[in-house]
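Undergrad: predicted model, plus sequence, below.
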Amino acid sequence: MADPELEAIRARRMAELQQQMGGGSSTDEQQQKQEESRARQEEMKNSILVQVLDQAARARLNSIALVKPEKAKMVENMLCQMATQGQLPGKIGEEQLKSLLEQVSMQTAKKTTVKFDRRRMNLDDSDDDY
């Protein structure tokens with residue numbers, strides 16, 4: 001390998017490294033922007049929920065969020081969507097929130113069944129071999 005070829009390879013490698021180092025800072029900036037946008041969205045959602053829910057309903061939703069965060073997120077998103085579309089006449093009380101929670105539960109409910117095969121238990125004759 002001649003010296004000019006070696007220098008060209010070194011120059012390409014150096015350019016790649018510089019690009020990676022420069023790209024790392026832009027990735028950090030992108031992550032920071034994404035975090036800021038998530039924070040803004042969360043703040044908007046919280047302000048909408050404060051306007052839409054009364055105190056008792058808000059407390060119930062917060063306690064549900066502790067136990068089942070995915071269910072609480074679904075209800076929060078549904079409430080925000082209803083509020084932005086103008087489907088909510090006023091503040092939602094605890095009873096109305098309960099009915100919304102029941103609707104979400106019915107949509108996400110999965111039936112689980114347990115089936116016992118008792119015949120296997122009777123066919124096991126390992127004790128009779130002695």
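TA: It's in.
Undergrad: for residue 84, give me its contacts.
TA: residue 48 (C-beta atoms under 8 Å, 6 or more residues apart in numbering). In short, each C-beta sits where N, CA and C put it, glycine included.
Undergrad: for residue 49, see how far away it is.
TA: Using C-beta to C-beta, to the nearest Å, residue 84 is found at 12 Å from residue 49.
Undergrad: now residue 68
TA: Going from residue 68 to residue 49 by C-beta to C-beta gives 17 Å.
Undergrad: so which of the two has more stuff around it?
TA: A count of neighbours by other C-beta atoms under 10 Å puts residue 49 above the other of residue 68 and residue 49, at 19 against 15.
Undergrad: which stretches of this structure form helices?
TA: 3-52, 55-67, 69-84, 94-108, 118-123 (DSSP state H).
Undergrad: can you give me the end-to-end distance of stretch 102-117?
TA: End-to-end distance for stretch 102-117: 34 Å, by C-alpha to C-alpha, to the nearest Å.
Undergrad: between the helices of the chain, which gets the lowest average pLDDT?
TA: In terms of average pLDDT, helix 118-123 trails the rest of the helices of the chain, at a mean of 64.
Undergrad: burial of residue 106, as a residue count?
TA: Neighbour count of residue 106, defined by other C-beta under 10 Å: 8.
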